[in-house]
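Chemist: what's the 3D shape of this:
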Amino acid sequence: VQLQASGGGLVQPGGSLRLSCSASGSIFSVGDMAWYRQTPGKQRDLVARVSSDGSSGYADSVKERFAISRDNAKNTVYLQMNSLKPEDTAVYYCNVQTLAPYSRVYYHWGQGTLVTVSS
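Modeler: Predicted structure coming up:
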């Protein structure tokens, strides 16, 4: 399974960006899809997660500003980021859970896309 993330870039404070991450390859079924972010010297933290039934959850720091969604037909997850702040600057990684027969569960990481919020 390969993940291709895109949409990062430089944006001014208060601006918006939309990240996308598409999964391809031998996929039996997709479970949870999520976005994480990481800054230098820090651990990778969960930003938002959406389950296969559409229910979602967010880190407190991004609630009311970010929205995660998914297109099951395209095996794609999105992260709409609004009212961006300098502290949102990070490399953003998508994470996709795939399910296989016999209750096998796999997790896959995208390559990371850099989001820089600066004036």
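Chemist: What distance do you get for the nearest residue to Val117 once chain neighbours are set aside to Val115?
Modeler: In space, and not counting its chain neighbours, Val117 is closest to Leu84: 4.6 Å by Cβ to Cβ, 6 or more residues apart in numbering. For glycine as for every other residue, the C-beta is placed from the backbone atoms N, C-alpha and C. Noted for Leu84: a distance of 8 Å to Val115, by Cβ to Cβ, to the nearest Å.
Chemist: middle-most residue in the protein, spatially?
Modeler: Geometric centre of the chain, nearest residue: Trp35, 2.5 Å, by Cα atoms, centre = their mean.
Chemist: Which secondary structure element is home to that one?
Modeler: Assigned by DSSP states H and E, Trp35 belongs to strand 29-38.
Chemist: All the strands of this structure, residue numbers only.
Modeler: Assigned by DSSP state E, the strands in the chain fall at 2-6, 9-11, 17-24, 29-38, 45-50, 56-58, 66-71, 76-81, 90-100, 104-109, 113-117.
Chemist: buried sites along the third one?
Modeler: Judged by neighbour count using 16 or more other Cβ atoms under 10 Å, the buried positions of strand 17-24 are Leu17, Leu19, Ser20, Cys21, Ser22, Ala23.
Chemist: So what's the residue count around Gln12?
Modeler: By other Cβ atoms under 10 Å, the residues close to Gln12 number 10.
Chemist: whoops, I mixed them up, Ser29
Modeler: Neighbours of Ser29 (other Cβ under 10 Å): 12.
Chemist: Can you check the pLDDT for it?
Modeler: As predicted, Ser29 sits at a pLDDT of 90.
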